[in-house]
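Q: Dropping the sequence and predicted coords here.
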Amino acid sequence: MKFVEITGETLTQIINDDEVHADDLVTAGVTPQSIVRINEQGDVEVRRPTQWEIVGGLLGNYEERVQGVTGMEWI
């Protein structure tokens, strides 16, 4: 599966109001320095010490938003 890996801070620039809410990210333990990744299906995962944990998902034109904010391709 391909991903774009970003920080929690960058994630907050990508998400829309109808997706993962900022409060939900805080509850999930996502900080501005957290390492997160988004797969091609829009699932958002945060890096934990021993695993990746799904914390939400993106809806609608997220591909354009991810690439527009990060300039990265799925790898």
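A: Yes, it's here. Numbers count the residues shown, from 1 in each chain.

Q: going forward, measure contacts and count neighbours with C-alpha atoms only.
A: Fine.

Q: contacting residues around the lowest-mean-pLDDT helix or strand in the chain?
A: Here the helix or strand of the chain ranked lowest by mean pLDDT, DSSP states H and E is helix 22-27, holding a mean of 83. Helix 22-27 is contacted from outside by 12, 31, 55, using C-alpha atoms under 8 Å, 6 or more residues apart in numbering.

Q: Kindly give a single ChimeraX line that selects the buried subset of those residues.
A: Applying 16 or more other C-alpha atoms under 10 Å to the contacts of helix 22-27, the buried members can be selected in ChimeraX as follows:
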select :31,55
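
Q: Enumerate every residue touching the nearest residue to Asn39 once chain neighbours are set aside.
A: Excluding the flanking residues, the one nearest Asn39 by C-alpha to C-alpha, 6 or more residues apart in numbering is Phe3, at 4.3 Å. By C-alpha under 8 Å, 6+ apart, the contact list for Phe3 reads 37-40, 74-75.

Q: Could you report the distance from Phe3 to Glu45?
A: Taking C-alpha to C-alpha, to the nearest Å as the measure, Phe3 falls 10 Å from Glu45.

Q: Output the strand or helix carrying Thr12 as CSV, restricted to C-alpha atoms.
A: Following DSSP states H and E, one finds Thr12 within helix 8-14. In CSV, the C-alpha atoms belonging to helix 8-14 read as follows (Å, rounded to 0.1, in the frame of the first residue of the first chain):
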residue,chain,number,x,y,z
GLY,A,8,0.5,16.1,12.8
GLU,A,9,0.9,19.8,12.1
THR,A,10,0.7,19.3,8.3
LEU,A,11,-2.3,17.1,8.8
THR,A,12,-4.2,19.9,10.4
GLN,A,13,-3.7,21.9,7.2
ILE,A,14,-5.2,19.1,5.1
